[in-house]
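Colleague: Sequence and computational prediction follow.
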Amino acid sequence: DAAAECRAAMRRRAWKALHISISMCGAALVKWAQWASVRRDMFPEDFCEVLSALHDDAPRHSKRQTARLVRKELGAPIEAVFS
């Protein structure tokens, strides 16, 4: 039925927008989405399918960026914090 197909297309677009938004929000939310994508017992199948892409295309950052953030947030070089 045309109405059902339209609703399904709108859901796919909404989940894709959510995927893009999550990938821009940082590691904690990406990790949650990765977890949620495998919980098909809790979330709709189409939601899980879209978020499962975050297993392969999660945003990456360099070791240098991580070291800079650790120093900024914890006030010590990464080597001193995680020795």
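Modeller: Everything's here; your move. Quick caveat, the model's predicted, so the values are computed rather than measured.

Colleague: how about residue 33, what does it touch?
Modeller: Contacts here follow Cβ atoms under 8 Å, 6 or more residues apart in numbering; on that basis residue 33 touches 19, 22, 51, 54. Yep, even glycine has a C-beta here, placed from its N, CA and C like the rest.

Colleague: Also residue 15?
Modeller: Residue 15 makes contact with 46-47, 49-51, according to Cβ under 8 Å, 6+ apart.

Colleague: taking the residues you listed one by one, which sit in helices?
Modeller: Secondary structure assignment (DSSP state H) places 46-47, 49-51 from the contacts of residue 15 within helices.

Colleague: Now the two most distant members of these.
Modeller: Across the ones in helices among the contacts of residue 15, the two members that end up farthest from each other (Cβ to Cβ) are 46 and 51, 9.8 Å apart.

Colleague: neighbour-wise, which of the contacts of residue 33 leads?
Modeller: With neighbours taken as other Cβ atoms under 10 Å, the top of the contacts of residue 33 is residue 51, carrying 24 neighbours.

Colleague: Excluding sequence neighbours, find me the nearest residue to that one.
Modeller: What sits nearest to residue 51 in space, not counting adjacent residues and going by Cβ to Cβ, 6 or more residues apart in numbering, is residue 37, at 3.8 Å.

Colleague: from what I can see the one you found touches residue 45, true?
Modeller: No. Contact criterion Cβ atoms under 8 Å: residue 37 and residue 45 do not qualify, at 10.7 Å.

Colleague: For those two, work out which one has more neighbours and name it.
Modeller: More neighbours sit around residue 37 than around the other of residue 37 and residue 45, counting by other Cβ under 10 Å; the figures are 19 against 8.
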